[in-house]
Structure formats: C-alpha cells, structure tokens
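Novice: 3D model of this:
(one chain, ligands or ions: 1)
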Amino acid sequence: MSAPGASVPVTVGRPGRWRVVTVAGARWETPRARTLRLDLGEEFAFLAGQHLLLRLTAPDGYTAQRSYSIASAPAGSAFVELTVERLPGGEVSEFLCDEVVVGDTLEVRGPIGRWFVWDAEEPFVGVAGGSGTVPLMAMLRQARAAGRPELARLLVSARRPEDLYYADELPGPESTVVWTREAPPGSARAPGRLRAADLAPLFDGGQERTVFVCGSPSFCDAVTDVLAELGVPASRVRVERFGPSR
Ligand SMILES: Cc1cc2nc3c(=O)[nH]c(=O)nc-3n(C[C@H](O)[C@H](O)[C@H](O)COP(=O)(O)OP(=O)(O)OC[C@H]3O[C@@H](n4cnc5c(N)ncnc54)[C@H](O)[C@@H]3O)c2cc1C
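Specialist: As a prediction, this is how the structure comes out:
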C-alpha cells in the first residue's frame, strides 16, 4: 500500500520467522493493562508504530494468535515492550496479564506493518484512546529520545486517571490527556467525549502533519469524523483499529 503524505522513504524490517522470546520483565501500567518486556536475543530493528504477532500454543496443539503493538522506541537493542489490555474472557490478553511470569518464553513474529509507521523525521499528530496509546507511545518515546520532541503532538483519551497508560510520561509538553468520564481534581476541562475543540490545537500552524489515530473501532470512527469536521485531509490520516482479531 502506498503512503500518501509520506515524503521520506521508510525502511521496514521484515516479519521473518517465528521466534521464541523470553519475558524479561513485567509491570502493570494500569489495573487492567500490563507491560511485558521481551528479550528477543539479538538486535531487533523495527519502526515506531509496528506490531508483533504473538502466538500461544496449548499442550494439545491448539494455537491462538494476536497482534500487539510495540510500545518501546526503536533503540537497536534486543528488547521490546508490549502493553496488553486485559479483556475479561479474552483468550490471549487474560493469559498475558494473569499467567505469564518473568522467565517464561513466548512466540512472536514481526515486525509487522508498513502503513501505520512513523519515519522518525516528519512532524506528526497522534490521537489515541485506551490501548491505542501503545504504538503512539513508541513514536513519542522515539521523538523524545532523539531530542526532537517538537516533531510529536499527541492527544490521549482516557476514561479516568487510573486508566491512563504510561502515567509517568503523560501528559507532557507535547502531549495532552483528555478525560472522558472522570478528570483529576483541578482539571480545566470537564470530562466528556473528544470534541473538535480538543483536537483543533494539534493543528495550530497548519494541517500538513500526518495524523495517526489508534484505538477501538468506535473511537477511531469518532476521531476521524472530528478530523473531517476540522478540514484535515483524509489523505493525511492513518488509522489503526484495535478491534477483535478473529
Ligand atoms: C494491529 C493491532 C495491534 C494491536 N495492538 C494491541 C496492543 O498494543 N495492546 C492491546 O491490548 N491490544 C492490541 N490489539 C488487540 C489484540 O490483538 C487482541 O485483539 C486483544 O488483546 C484481545 O484478544 P483476546 O484473545 O484477549 O480476546 P478474544 O478472546 O479475541 O476476545 C474476547 C472478547 O473481547 C472482544 N475483543 C477482542 N479484541 C478486542 C479489542 N481489541 N477491544 C475490545 N474488545 C475486543 C471480542 O469480541 C470478544 O468478545 C491490537 C490489534 C491489532 C489488530
């Protein structure tokens, strides 16, 4: 697929083979989302925005495979971080959140994705809801690590403070959090759904930035409607929906 608006060629790592990786660390980002740090055993090249396919195999040979975005910035190391939202009854996410312990091995394949990737050079806008924050965090972390935070403008939607992913890194000078159900004390904005007035400041100075939108299908649809209302050309908008993968 071509990428309208992308002026810089993007070099993307190839998905390659399934590989066995070791869980090197784990922490809860929120009461319902857990970050797993994976050791891939060798330097792993990827682009911010890409994801891994993760495969679980039961003793009887039954397999389940799901996609998980990479949360960490490309760093030329053997480690990547995934953040998994625990969906009640979810076959894979419950296992990754409740059962997996440090030292376990998992199977992954990747990196995957050529469209929803940041080239690490062009200014971008990111709009994320819930676990959709994960790939945009990789982009923000990469911009910060490169000393180019001005390339990123991020807006993250969270229901309430306890639901905010990466709370020690968000919000920041280049990132805003919009609360939809409950805002922290002292917040100027009353809790409520994302509106044009929330997104408009991201485009101060023009609408030429590529816009990455990520979250549930309903969140993505609502955001793209608002972007159209603001006159952001559809050709500049890239959407990744985290819907059911079966
Ligand atoms: C490109 C891509 C990247 C993704 N990155 C992430 C990520 O970084 N972090 C993350 O937590 N998830 C991510 N997802 C979603 C992930 O792949 C799984 O769909 C999710 O973990 C649910 O799998 P499960 O086996 O637990 O649930 P399932 O057993 O497949 O489903 C359980 C129930 O939850 C519903 N459901 C399934 N998926 C979702 C969903 N995403 N949101 C709401 N309801 C759902 C199903 O309809 C079903 O009712 C990504 C999806 C895609 C396509």
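Novice: residue ranges in this structure under the pLDDT threshold?
Specialist: 1-14, 206-207, 245-246 (pLDDT under 70).
Novice: those strands in it, which residues are they?
Specialist: All strands of the chain, identified by DSSP state E, fall at 19-30, 33-39, 51-57, 63-69, 79-85, 105-112, 124-129, 152-158, 175-179, 210-215, 237-241.
Novice: just checking: what are the partner strands of the third one?
Specialist: Each strand pairing with strand 51-57, determined using DSSP bridges, is listed with its direction: strand 63-69 (antiparallel), strand 105-112 (antiparallel).
Novice: so for A45, which of those strands sits nearest?
Specialist: Taking C-beta to C-beta, strand 105-112 is the member of those nearest to A45, at 7.7 Å. (Each C-beta comes from the backbone N, C-alpha and C, glycine too.)
Novice: ok and the residue in this structure nearest the ligand?
Specialist: G90 (2.2 Å; C-beta to the nearest ligand atom).
Novice: got the strands paired with strand 51-57 as TSV, with mean neighbour count columns?
Specialist: Putting these into TSV (neighbours: other C-beta atoms under 10 Å) gives the following:
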stretch	mean neighbour count
strand 63-69	18
strand 105-112	19
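Novice: L170: which of these is closest?
Specialist: Nearest to L170 among the strands paired with strand 51-57 is strand 63-69; the distance by C-beta to C-beta comes to 16.0 Å.
Novice: that closest one: how far from the chain's middle?
Specialist: On the basis of C-alpha atoms, centre = their mean, to the nearest Å, strand 63-69 sits 15 Å off its chain's mean C-alpha point.
Novice: so what touches that strand?
Specialist: 49-57, 82-84, 91-93, 112, 131, 134-135, 138, 214, 240, 245 (C-beta atoms under 8 Å, 6 or more residues apart in numbering).
Novice: thinking again about what came up before, tell me which of the strands of the chain sits nearest to E99.
Specialist: Here strand 51-57 is closest among those (C-beta to C-beta), at 9.8 Å.
Novice: need the strands paired with strand 51-57 in CSV with distance to the ligand, can you?
Specialist: Converted to CSV, those look like this (distance: least, C-beta to the nearest ligand atom, whole Å):
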stretch, distance to the ligand
strand 63-69, 4
strand 105-112, 7
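Novice: and the residue of the chain closest to the ligand, how many residues sit next to it?
Specialist: For G90, the count of nearby residues is 16 (other C-beta atoms under 10 Å).
Novice: how about A45?
Specialist: 12.
Novice: quick one: buried residues of stretch 141-159?
Specialist: Neighbour counts over stretch 141-159 (16 or more other C-beta atoms under 10 Å) mark R141, Q142, A143, R144, L151, A152, R153, L154, L155, V156, S157, A158 as buried.
Novice: my guess is the fifth one meets V125, correct?
Specialist: No: using C-beta atoms under 8 Å, L151 makes no contact with V125, being 10.3 Å away.
Novice: deepest-packed of the strands of the chain, please.
Specialist: Among these, strand 124-129 has the highest mean neighbour count (mean count of other C-beta atoms under 10 Å), at a mean of 26.
Novice: how far does that strand sit from the chain's center?
Specialist: Distance, centroid of strand 124-129 to centroid of chain: 9 Å (C-alpha atoms, centre = their mean).
Novice: check stretch 20-34 too.
Specialist: Here stretch 20-34 is found 15 Å from its chain centre; the criterion is C-alpha atoms, centre = their mean.
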